[in-house]
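Asks: Kindly generate the corresponding structure for this input.
(chains A and B)
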Amino acid sequence: MARIDTIQNMFAATDIIDVKLKTQRTVKWVFGSMSVVILIPLVVLTACLVVRAWPSLTWDFLTDIPKSGMRAGGIWPALVGTMYTVTFSLLIAVPVGVLAGIYLNEYARDNWFTRVVHLAVVNLAGVPSIVHALFGLGAFVVFAGLGKSVLSASLTLAIMTLPVIIVSTKEALLAVPATFRMACWNLGASRWQTIRTIVLPNSIGGILTGIILQVCRAAGETAPIMFTGAVFFKFVQRGDLFPYKPTEQFMALSYHLHTISTQVPGVPESMLYATAVVLLGFVLVFNTLAIVLRTWIRSRKKW
Amino acid sequence: MPPTESVADDTKALTAARSSAAWQGTIRKVYRYLSERIIVGLIHLAGVSAIIFVFCIFYFVFREGWPFLRDSFDVKGFFLSEEWYPTSEVNRRYGILALLAGTGTVTLVAMLVAVPFSLGTAVFISQFCGKKAREVMKILIELLAAIPSVVWGFIGLMVMNPVIVKLTGAPIGLNVLNAGIIVGLMSVPIIVTIAEDAIRAVPDGFIEAAEALGATRWQTVYKVILPAAKSGLLAAVLLGVGRAVGETMAVLMCTGHSINIPFDGHPPYFHVLESVRTLTATIAAEMGEAPRLGANADGTYPVEAFHYQALFVVGIVLFAVTFIINVTEDLIVKGIRKEK
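Replies: Numbering: from 1, shown residues only, chains lettered A, B, ... in the order given. So this is what the prediction gives:
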């Protein structure tokens, strides 16, 4: 009996180990609560916005046009304007971004030039949105003579969101095993044939994820469209799906939220919140879609 | 028809078909070659596009701001004066010191909020929690990153504003503290993501060695992982700073937008509850009212034209700051890769 006691004592925690374990527990608890604290805003704020927006969140709010100086009615023109800029910027950014991603992963050699390209992509993503706005104003509105229009705004947004597509395309391509490519080359296929028939079909999901993220980004941005085409108000027929010409100015949801919450006095609070919720909802739904798509691809990956 | 003739006909037809097939093959080959050349050319062009765009951004912003730089710019008056009166009738002054102070203080508060929480979260996600919890948290952080800046600004304006007034008794809730917290929350996701990558890049051997010596998880983190990942963590913080400096809509809506340096000579030297104005917000707020005017016949510009140009010069300053931050960050990350 005594013997067993000594053995147990031998392996029992000493004071030092007790202290160590206690610190360990405390630290884990502190870090855990830190992560919870930064994630709380997401849940609480979303809930708070939705609750306050509830009275105004109706189908009519989405499809009606703003009335009596933005103080009543809905957000239809802004909603359609955002769809416009997102679509146009997608049409511009996707081909360029995907091809650039292909270049970086399939063609670029490991040399200084590729480093410069990488640095440029990082910088394109890191330049403040307001500088992109100045660029859009200087280049598209003034220099190219497009004026303040859907086109100028979409081009600015496209260039701004390009890094999102480049980076996700590159990562999607990187996930395709090198052996797939080698097998294809050995059959006599050229580099482009390999990309077209083997690499792209195997990475299309990842590329799609990037495109969806680009949609979120483009829909939410305000600064780049402020001087390149978004306007305070534009008359549009209720429910009209094609109200703007590409060379016209337009209303956008993000800019609309900014103006009605800072520049129009007396807008009913629930309308402000409803506008924010529609924008937030749009972005979060698309983002969740991207996440679901990515998880699904990962789960059915064969290699 | 006699059978011999038919055979001859068949042969003829066969030869014709063969030669046409050969032709078609050649055409197809040429077509395939050309189309491949074109697509490969396009790929290379797109690859270089990022460089072209960065140059274009600099060129066009510089181009619009150039007359101001040439005619009415002096370094001291621009950077060291706090007098920003771009539309004054008698004496137009363009000093961005107060705007720099605004950007600096908002960034400082944002980093005070974001850095500890982000690094804590990164450590927790990568070292202290299970696989399922990690997946869930990463998804939530990604969603946090997706919230548009104008919605953050709206939250600062409508939700945080009354809360701050109630808690601190400040006359107005739109101030450095409000904007700092909002921008801090905005830069959390990017810092967490990069910091977690940096922690994950620490070789397993380091961690196994520490564990073999009987270190607890926390001792491993504190003595081994954090020192090994420190340059990566620095890169993460730098990216967060870059994000905070460049943030526009949220600070436009939450800072209170008054030109003010929130420092003075006596305690508590730094006034978090004062309104300020940042570089980005100034551009966003004033560009709409600044007219773009052409040069006079003799090549000089009317004084009214300088406002628009000065805003572009502010844009150049912002571009330069973020460019330096990004290049530094890239060099640090490259250093890490070399070490590995």
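
Asks: With adjacent residues omitted, what lies nearest to A:Leu21?
Replies: On the basis of C-beta to C-beta, 6 or more residues apart in numbering or on different chains, the spatially nearest residue to A:Leu21 that is not a chain neighbour turns out to be B:Thr216, at 6.7 Å. Any C-beta I mention is one placed from the backbone N, CA and C, and that applies to glycine too.

Asks: show me the contacts for that neighbour.
Replies: If a contact means C-beta atoms under 8 Å, 6 or more residues apart in numbering or on different chains, then B:Thr216 has A:20-21, A:23-24 as its contacts.

Asks: Just the buried residues of those residues.
Replies: With burial judged by 16 or more other C-beta atoms under 10 Å in any protein chain shown, the buried subset of the contacts of B:Thr216 is A:20, A:24.

Asks: Could you identify the most distant pair in the contacts of B:Thr216?
Replies: Within these, A:Leu21 and A:Thr23 form the most distant pair, 7.3 Å apart (C-beta to C-beta).

Asks: Now, the contacts of B:Thr216 that are in helices?
Replies: Using DSSP state H, the members of those that fall in helices are A:20-21, A:23-24.

Asks: Out of the residues you listed, flag the one nearest to B:Ser72.
Replies: B:Ser72 has its nearest neighbour among the ones in helices among the contacts of B:Thr216 in A:Thr23, at 60.9 Å by C-beta to C-beta.

Asks: Quick check: that closest one touching B:Arg217?
Replies: No. The pair A:Thr23 / B:Arg217 is not scored as a contact, 10.2 Å apart, by C-beta atoms under 8 Å.

Asks: Please parse chain B into its domains.
Replies: The record, using automatic domain parsing to delimit domains, assigns chain B the ranges B:1-71, B:75-339.

Asks: which residues touch B:Ala297?
Replies: For B:Ala297, no residue meets the contact criterion (C-beta under 8 Å, 6+ apart).

Asks: A:Lys20 versus the residue nearest to A:Leu21, what's the distance?
Replies: Taken as C-beta to C-beta, to the nearest Å, the spacing of B:Thr216 relative to A:Lys20 amounts to 5 Å.

Asks: And for B:Ala229?
Replies: Counting by C-beta to C-beta, the separation of B:Ala229 from A:Lys20 is 22 Å.

Asks: do A:Val141 as well
Replies: According to C-beta to C-beta, A:Val141 stands 64 Å off from A:Lys20.

Asks: which non-adjacent residue is nearest A:Leu45?
Replies: Among residues not flanking A:Leu45 along the chain, B:Ile155 sits closest, at 5.7 Å (C-beta to C-beta, 6+ apart).

Asks: Surely the one you found is within a helix?
Replies: Yes. Read with DSSP: H, G, I helix; E, B strand; the rest coil, B:Ile155 is one of the residues of a helix.

Asks: Is it in contact with A:Thr46, as I believe?
Replies: No. Between B:Ile155 and A:Thr46 no contact is recorded; they are 10.0 Å apart, counting by C-beta under 8 Å.

Asks: Check whether stretch B:55-70 comes near chain A.
Replies: Yes. Against chain A, stretch B:55-70 shows contacts by C-beta under 8 Å from any C-beta of the partner chain at B:56-57, B:60-61, B:63-64.

Asks: Closest one to B:Val123 out of these, please.
Replies: Of all those, B:Val123 sits closest to B:Ile57, with 36.2 Å by C-beta to C-beta.

Asks: Could you give the number of residues near the residue lying closest to the closest one once chain neighbours are set aside?
Replies: Leaving aside its sequence neighbours, B:Ile57 sits nearest to A:Phe135 (C-beta to C-beta, 6+ apart; 4.4 Å). Other residues within reach of A:Phe135 by the criterion other C-beta atoms under 10 Å in any protein chain shown amount to 29.

Asks: Local confidence estimate at A:Phe135?
Replies: Looking at A:Phe135, its pLDDT is 96.

Asks: Can I get the helix or strand encompassing it in CSV? Just the C-alpha atoms.
Replies: Secondary structure here is read from DSSP states H and E; on that basis A:Phe135 sits in helix A:129-136. The C-alpha coordinates for helix A:129-136 follow below in CSV (Å, rounded to 0.1, in the frame of the first residue of the first chain):
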residue,chain,number,x,y,z
SER,A,129,-10.6,52.7,-52.1
ILE,A,130,-10.7,56.5,-52.2
VAL,A,131,-7.5,56.5,-54.3
HIS,A,132,-9.1,54.1,-56.7
ALA,A,133,-12.0,56.6,-56.8
LEU,A,134,-9.5,59.4,-57.7
PHE,A,135,-8.0,57.2,-60.3
GLY,A,136,-11.4,56.4,-61.8
